[in-house]
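Q: sequence? don't have it. structure:
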């Protein structure tokens, strides 16, 4: 690895640490007493989603495209907060072109990870929700997020 590569890695590390610090500051301003990653699974998912959007601003978002994961995060937070998410809202939340997001929605539906259900008031609109199995997996994943965060990043971010 050359000197130029090391400088680039150092800059990336500084940016990531800055994003983590800013995210933690914002979380302490806006969240309740359960602000630490892993204390509240929905808060953990919400923080992860917000971090991903910040990362997309700092770096070329094409490097980190995971629309399926973003859709699952959005639906998980909505489920825990007892909110409904329309297909169009899920597509916007995926932060990719609508056609790409729709392909991911269809793939997740085909795999049984999410379910599509009609709006009881407006037949033109449908909503999405996590399947029971996916919800359990997300709960398990985020319940362990605090331990994962402490082990992977340490208490002050990347070391």
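A: Happy to help now that I have it. Small disclaimer: the values here were computed from a predicted structure and weren't measured. Residues are numbered from 1 along each chain as shown.

Q: This structure: strands as residue ranges?
A: In the chain, the segments counted as strands under DSSP state E are 85-86, 114-118, 126-130.

Q: Which one, of those strands, ends up nearest to residue 107?
A: Each of the strands of the chain was scored for nearness to residue 107 using Cβ to Cβ, and the closest is strand 114-118 (9.5 Å). (Glycine included, C-beta is placed from N, CA and C.)

Q: what about that closest one, average pLDDT?
A: Strand 114-118 comes out with an average pLDDT of 96.

Q: Pairing partners for it, with directions?
A: strand 126-130 (antiparallel) (DSSP bridges).

Q: Distance of the nearest residue to residue 68 once chain neighbours are set aside relative to residue 120?
A: Nearest non-adjacent residue to residue 68, counting by Cβ to Cβ, 6 or more residues apart in numbering: residue 104, 4.8 Å away. Between residue 104 and residue 120 the distance is 25 Å, computed by Cβ to Cβ, to the nearest Å.

Q: Below-threshold pLDDT in the protein: ranges please.
A: The chain contains residues with pLDDT under 70 at 1-39, 56, 58-64, 145-159.

Q: Try it again at 90.
A: Confidence mapping of the chain against pLDDT under 90 gives the ranges 1-66, 69-70, 73, 77, 80-81, 93-96, 137-159.

Q: To residue 50, which of the strands of the chain lies closest?
A: Nearest of the strands of the chain (Cβ to Cβ): strand 85-86, 16.6 Å.

Q: Surely the residue nearest to residue 68 and residue 93 touch.
A: No: assessed by Cβ atoms under 8 Å, residue 104 is found out of contact with residue 93, at 11.0 Å.

Q: list the residues that contact both of these two?
A: Taking Cβ atoms under 8 Å, 6 or more residues apart in numbering as the criterion, residue 104 and residue 93 both touch residue 71.

Q: Can you show me the helices along this structure?
A: Here the chain has its helices, by DSSP state H, at 3-30, 41-58, 67-80, 87-93, 98-110, 132-143, 145-153.

Q: Which neighbouring elements make contact with the third one?
A: It stands for helix 67-80. In this structure, helix 67-80 packs against helix 41-58, strand 85-86, helix 87-93, helix 98-110, strand 114-118, strand 126-130, helix 132-143, with contacts taken as 3 or more Cβ pairs under 8 Å, 6 or more residues apart in numbering; DSSP states H and E.

Q: Perfect, I'm done here.
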